[in-house]
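Chemist: Need a 3D model of the following:
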Amino acid sequence: MTETYKEAAKRLAGPVLGRGFKPVALHTYTDADGEPLYWRIRAKHPDTGEKWIRPMKLNGQGFELGEPQFENGKPLYALHRITGNADAAVWIVEGEQKADALNKLGLVATTSGGATSADRSDWEPLRRHSVIIWPDNDDPGRSYAGEVASVLLGMGCAVSCIEVNKLGLGKGEDAMEWLASHPGAVGSDIEALPRLTTQDERTGRQATVEFVRASDINP
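Modeler: Sure, this is the predicted structure:
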């Protein structure tokens with residue numbers, strides 16, 4: 001009997017599941033047509049909060065941990081939703097769980113992965129798109145948002161960013177906490193959240209985005 005990708009994920013995560021970790025999600029990265037390219041296994045320990053996240057791929061004989069090699073960088077998550085909604089604004093978040101949550105509300109959302117993944121990804125499918133970045137409320141999240149914005153501005157994208165400091169989130173919290181505290185939220189509620197824009201309204205020119213810690217600013 002051929003092993004399914006879900007069975008393979010359970011097998012490969014077996015050692016950490018044996019240490020008390022619990023499965024959280026299994027994310028499928030696809031090509032532009034929706035065909036699977038590879039998967040990311042996500043587990044978390046309920047007591048310590050420690051996360052275990054690993055990529056899984058096919059090697060020609062079966063499934064193994066690891067990520068395929070991509071000539072132009074890793075594909076964006078939910079790539080088929082981007083290519084299938086060419087005129088839609090694209091939401092960029094840090095992590096697949098958040099992208100899934102926004103996609104379930106009818107938005108078009110993607111991610112390159114974690115906070116350090118931006119420079120290893122292929123952002124070309126977003127060229128000249130309108131994009132909205134929703135950073136995590138911490139320094140890595142702001143750094144990721146700034147790095148992504150710089151790349152996309154160079155590709156002719158119209159870039160804006162959610163003002164997370166106006167959402168009532170605690171340090172380290174993100175879109176998942178906001179959605180949990182607003183269980184009745186729909187897509188239009190997300191679209192109405194306050195944003196910072198990279199468009200200079202006086203000149204019409206695009207500006208770069210930089211996130212700086214308040215403690216780093218000299219009075």
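Chemist: now the helices for the chain?
Modeler: Along the chain, the stretches classed as helices by DSSP state H are 5-12, 14-17, 79-84, 96-104, 139-153, 175-181, 187-191.
Chemist: can you tell which of those is closest to residue 73?
Modeler: For residue 73, the closest of the helices of the chain is helix 139-153, at 10.6 Å, according to C-beta to C-beta. Every C-beta, even on glycine, is put in place using the N, C-alpha and C of the backbone.
Chemist: Just list what the closest one packs against, helices and strands only.
Modeler: Under the contact definition 3 or more C-beta pairs under 8 Å, 6 or more residues apart in numbering; DSSP states H and E, helix 139-153 sits against strand 130-133, strand 158-162.
Chemist: Pipe the helices of the chain into a markdown table and attach mean neighbour count per row.
Modeler: Converted to a markdown table, these look like this (neighbours: other C-beta atoms under 10 Å):
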| stretch | mean neighbour count |
| --- | --- |
| helix 5-12 | 16 |
| helix 14-17 | 13 |
| helix 79-84 | 16 |
| helix 96-104 | 19 |
| helix 139-153 | 20 |
| helix 175-181 | 17 |
| helix 187-191 | 14 |
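Chemist: Okay, and the beta partners of the closest residue in space to residue 24 that isn't next to it in sequence?
Modeler: Nearest residue to residue 24 in three dimensions, chain neighbours excluded: residue 42, at 4.4 Å (C-beta to C-beta, 6 or more residues apart in numbering). Residues in a beta bridge with residue 42, per DSSP bridges, are residue 25, residue 53.
Chemist: what sits against residue 108?
Modeler: Contacts for residue 108 were tallied using C-beta atoms under 8 Å, 6 or more residues apart in numbering; they are 78, 81, 82, 85, 88, 89, 90, 91.
Chemist: residues near the nearest residue to the third one once chain neighbours are set aside, how many?
Modeler: What it means is residue 82. Nearest residue to residue 82, sequence neighbours excluded (C-beta to C-beta, 6+ apart): residue 125, at 5.3 Å. Neighbour count for residue 125, taken as other C-beta atoms under 10 Å: 15.
Chemist: Then residue 56?
Modeler: For residue 56, using other C-beta under 10 Å, the count is 22.
Chemist: Over to the one 5 residues further on?
Modeler: Burial of residue 61 is recorded as 6 neighbouring residues (other C-beta under 10 Å).
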